[in-house]
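1. Turn this into a model:
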Amino acid sequence: MSSLPSKKILDDLYTRFVVNGPEEEKQSMNRLMFLVESAHWYYEDNVVENDKTLKSLSFGEFTRLLFNNSDVLRPHVANMDKIFRDFGYYKSRIPVAGAIILDETCERCLLVKGWKKSSNWSFPRGKKNTNEEDDVCAIREVLEETGFDVSKLLKKEEYIEITFQGKKRVRLYVVVGVRDDTAFAPLTKKEISQISWFRLDGLESGFAGLKLFEVAPFLASLKSWISKHMSPLSIDKHLKPPLCVWTTTRKTRTKITVTSTERRCNVKPWKQSLKVNKSAILQALGICS
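-> Residues are numbered from 1 along each chain as shown. I've put the predicted structure just below:
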């Protein structure tokens, strides 16, 4: 049976991430909660991974344990429900930046799928840090989620921006010319489960079973941007399925755990067959001859 983290572990996490965290992040409870969130990620990604006897905890479970273990934070335990609500509201309004990565023909774009099985597909992106510039955030988040550095391809003036419900601003820089045989792999654990190239015409038509709610709002503006900046697309009449270039391998028992991480080509994101030049792509990625 899995056990809860010891006081020693909680003390170490609290000291490392909260006590020694940036001073500007301690100015309000909402900002402090980001430090707690970082401690939770570290616990899940490193502590639990290295000690299988420990229990994997939700963010709520971990936060309550950490607060109860700290003399400074313990007085706030009675208000935990309000703290979680306020933090969720605060996070939902933090500006987001990322990139729409297009291949050399502008026929495919790169999408990532979140860790949970219920996650949506989206363009690689993430929340801005305090006082962080949009382009800096986009470069950082794309690198974290795909392992690819867009700093030399990103142009600050080329982006599509949408404000959802007048609350959250999302700015995605359009990055063109990335080879579709590029090797991608996220740098962070338990955040991205799959990375795939998708045909733009397929996204407009919709692939059955794929959640594209975070992608669809950008497609009309993206199509307009491509028409304005690039030569007309040469799109085959036959609609090609997505090309998965990275996925994680999971085994399910009482919970989902990562057993290995690997780069793959020709992994089927859904049940249709995937017709690509398998040997050429694998050779380009250096996986096998």
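
2. quick one: the strands in this protein?
-> Listed in chain order, the strands of the chain (DSSP state E) span 96-101, 108-114, 121-122, 125-127, 159-164, 168-175, 192-199, 243-252, 256-267.

3. So which residues make contact with the first one?
-> Strand 96-101 has contacts (CB atoms under 8 Å, 6 or more residues apart in numbering) with 109-110, 123-128, 134-135, 137-138, 141-142, 146, 148, 150, 154, 160, 168-175, 178, 218, 222. The way it works is simple: take the backbone N, C-alpha and C, and place the C-beta from them, glycine included.

4. hmm, 7 Å instead?
-> 109-110, 123-128, 134, 137-138, 141-142, 150, 154, 160, 168, 170-175, 178, 218, 222 (CB atoms under 7 Å, 6 or more residues apart in numbering).

5. F213 and W246, how far apart?
-> 22 Å (CB to CB, to the nearest Å).

6. could you pull out the helices for the stretch 51-200 of the chain?
-> 59-69, 80-91, 134-146, 200-205 (DSSP state H, counting those that start in this stretch).

7. and among these, the most buried is which?
-> Ranked by average neighbour count under the criterion mean count of other CB atoms under 10 Å, the helices of the stretch 51-200 of the chain are headed by helix 134-146 at a mean of 21.

8. Let me see the mean pLDDT of that one.
-> Helix 134-146 carries an average pLDDT of 98.

9. which secondary structure elements does it contact?
-> Applying 3 or more CB pairs under 7 Å, 6 or more residues apart in numbering; DSSP states H and E, we find helix 134-146 packed against strand 96-101, strand 108-114, strand 125-127, strand 168-175.

10. Need the contact partners of the third one.
-> If you take CB under 7 Å, 6+ apart as the criterion, strand 125-127 is touched by I94, V96, A97, G98, C137, E141, V170, L172.

11. 6 Å instead?
-> With contact meaning CB atoms under 6 Å, 6 or more residues apart in numbering, strand 125-127 is reached by I94, V96, G98, E141.

12. neighbour-wise, which of the residues you listed leads?
-> Neighbour counts for the contacts of strand 125-127, by other CB atoms under 10 Å, peak at G98, which reaches 26 neighbours.

13. so that one bridges to which residues?
-> R125, L172 (DSSP bridges).

14. burial measure for L54, as a count.
-> When counting by other CB under 10 Å, one arrives at 18 neighbours for L54.

15. Now do the same contact list for it.
-> Neighbouring residues of L54 by CB under 6 Å, 6+ apart: V48.

16. got it, and V174?
-> Counting by CB under 6 Å, 6+ apart, V174 makes contact with I100, E158, W225.

17. G177: neighbouring residues, count only.
-> By other CB under 10 Å, the residues close to G177 number 11.

18. pretty sure it is touching E104, no?
-> Yes. Using CB atoms under 6 Å, G177 makes contact with E104 at a distance of 5.4 Å.

19. how is the chain carved up into domains?
-> Structurally, the chain divides into domains by automatic domain parsing as follows: 7-91, 96-285.

20. Buried residues, stretch 161-181. List them.
-> Neighbour counts over stretch 161-181 (16 or more other CB atoms under 10 Å) mark R169, V170, R171, L172, Y173, V174, V175, V176, V178, D180, D181 as buried.

21. Closest to K55 out of these?
-> For those, the minimum distance to K55 (CB to CB) is 34.9 Å, reached by V170.
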